[in-house]
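> Need coordinates for the following:
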Amino acid sequence: MAVKDPGRAVARCGARAAGCAAALLALSGCLGTSGESAPRGGLWVNPDNPAARHAREQRRQGRYAEAELMRRIAREPIAEWLGPKPRERVAFLTESAARQGRTPVLVAYQIPYRDCGNYSAGGARNDTEYLDWIREVVAGIGERKAIVVLEPDAVAQVVDGCVPERLRGPRLALLRDAVAMLSALPRTRVYLDAGNAGWIKDPERLVEPLREAGINQADGFSLNVSNFQPTRATRAYGRRLSARLGGTHFVIDTSRNGNGPPGLPLKENAQQRAISAPTRRTGSGSRRPE
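Got it, this is the predicted structure:
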């Protein structure tokens, strides 16, 4: 299960990269089967991202070598995890990116009974509140470009059984409604999350829940969000799932999987982790360039 905290700033230093930014989503992708190209201008880099702030603090402390390593991380695109009242924040992020001709990556993470009440518990109190929250995200994006990773873990938690049976159908229906609203935006790409390669071992179990959650209206699915599964294993897993979904595109979070999983229990800021390749050209026909 992925572990994350939208409010956390910067992770501890990893073995090879000397650190990884919490909530840094380096979406790895490649040319899709449709032949579509990457967003013009590429992904937006927030100049005030957590790694950049951490680098400035390290320089103030005279830790120049560490500051330089963190500055290198800060140059990579960061996914912005959206808070309880997202409209103004989303508008600011998409407007800032648009001024640079780039595309921001947003993570929508507010589903009721979020994380099954565990580490990242919270989210909307009910279905109505959730859909109102999604409407705020939609209003904040408007006609500007955006990539939205929708509800990390939400579908996989239905499959693994931690979501009570009475909530499973309603959760998938909420996701379907969210996909429909976001996909209706003219310049927004939506990726419905599908967990990670170390969780639901047989991707066949995800197929019907993803369909019920609206994968056919989405641009694809996301894997490994806030997790550490190696890119090679995740790529193979994604291809298997994509094949069962008719060749659906997928993207991979490579922000902290450079050294693979740290062992149990998984921790967001586990020591001796590292960022991985941030490339959008990974040689897979099912992975879209984001």
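> Test my guess that D177 contacts I134.
Yes - judged on Cβ atoms under 8 Å, D177 makes contact with I134 at a distance of 7.4 Å. Where C-beta positions appear, they are placed from N, C-alpha and C, glycine not excepted.
> Pick out whichever of these two has more residues nearby.
Of the pair D177 and I134, I134 is the one with more neighbours under other Cβ atoms under 10 Å, namely 24 against 16.
> Relative to G83, how far out is that one?
Distance of I134 to G83, computed by Cβ to Cβ, to the nearest Å: 14 Å.
> the helices in the stretch 151-290 of the chain, which residues?
Along the stretch 151-290 of the chain, the stretches classed as helices by DSSP state H, counting those that start in this stretch are 154-160, 165-183, 204-212, 231-244.
> Could I get the average pLDDT for the third one?
When you say that, I think you mean helix 204-212. Regarding helix 204-212, the rounded mean pLDDT is 99.
> So which elements touch that helix?
helix 154-160, helix 165-183, helix 231-244 (3 or more Cβ pairs under 8 Å, 6 or more residues apart in numbering; DSSP states H and E).
> Would you tell me which of those helices gets closest to P112?
helix 165-183 (7.3 Å; Cβ to Cβ).
> what separates that closest one from the chain centre, distance-wise?
In terms of Cα atoms, centre = their mean, to the nearest Å, the centre of helix 165-183 is found 18 Å from the chain centre.
> any idea of the angle it forms with helix 204-212?
Orientation of helix 165-183 against helix 204-212 (axes from the mean of the first three to the mean of the last three Cα atoms, to 10 degrees) gives an angle of 60 degrees.
> So what touches helix 165-183?
With contacts defined as Cβ atoms under 8 Å, 6 or more residues apart in numbering, helix 165-183 is touched by 108, 111-113, 127, 130-131, 134-135, 137-138, 141, 148, 150-151, 154-155, 158, 163, 188, 190, 192, 209, 212-215, 217-219.
> From the residues you listed, list the buried ones, please.
For those, a burial check counting by 16 or more other Cβ atoms under 10 Å picks out 108, 111-113, 127, 130, 134, 137-138, 141, 148, 150-151, 154-155, 158, 163, 188, 190, 192, 209, 212-215, 218-219.
> is it true that R102 touches G42?
Yes - using Cβ under 8 Å, R102 is in contact with G42, at 5.7 Å.
> got any residues that touch both of the two?
With Cβ under 8 Å, 6+ apart, R102 and G42 have no common neighbours.
> Quick check: buried residues in stretch 110-119?
Within stretch 110-119, the residues scored as buried using 16+ other Cβ under 10 Å are Q110, I111, P112, Y113, R114, D115, C116, Y119.
> For it, measure first residue to last.
End-to-end span of stretch 110-119 (Cα to Cα, to the nearest Å): 14 Å.
> quick one, phi/psi of P104?
The phi and psi values for P104, taken as degrees, to the nearest 10, are phi -80, psi 150.
> Let me see the contact set for it.
L43, W44, N46, E80, L93, T94, S96, A97, K145, A146, I147.
> which ones are touching the third one?
Residues in contact with N46 (Cβ under 8 Å, 6+ apart) are A52, I78, E80, L93, S96, P104.
> ok, so of those, who is nearest Y237?
Taking the contacts of N46 together and measuring to Y237 by Cβ to Cβ, the closest member is I78, at 24.3 Å.
> Show the backbone phi and psi for E80.
The phi and psi values for E80, taken as degrees, to the nearest 10, are phi -100, psi 120.
> Mind pulling up the pLDDT for it?
96.
> Can you report how many residues neighbour it?
Counted with other Cβ under 10 Å, E80 comes out at 24.
> Correct me if wrong: it contacts L106.
Yes - between E80 and L106 there is a contact under Cβ under 8 Å: 5.4 Å.
> Now the common contact residues for the two.
Common contacts of E80 and L106, defined by Cβ under 8 Å, 6+ apart, comprise L93.
> Could I get the pLDDT score of the residue located most distally from the centre of the chain?
No residue in the chain sits farther from the centre than G62, which is 33.3 Å out by Cα atoms, centre = their mean. Per-residue confidence (pLDDT) for G62: 97.
> Then Y113?
At Y113, the pLDDT value in this model is 95.
> OK, contacts around it?
G123, V163, P164, L167, R171.
> mind checking the end-to-end distance for stretch 157-166?
13 Å.
> which one of the helices of the stretch 151-290 of the chain is the most hemmed in?
helix 154-160 (a mean of 24; mean count of other Cβ atoms under 10 Å).
> That's all I had, so thanks and see you.
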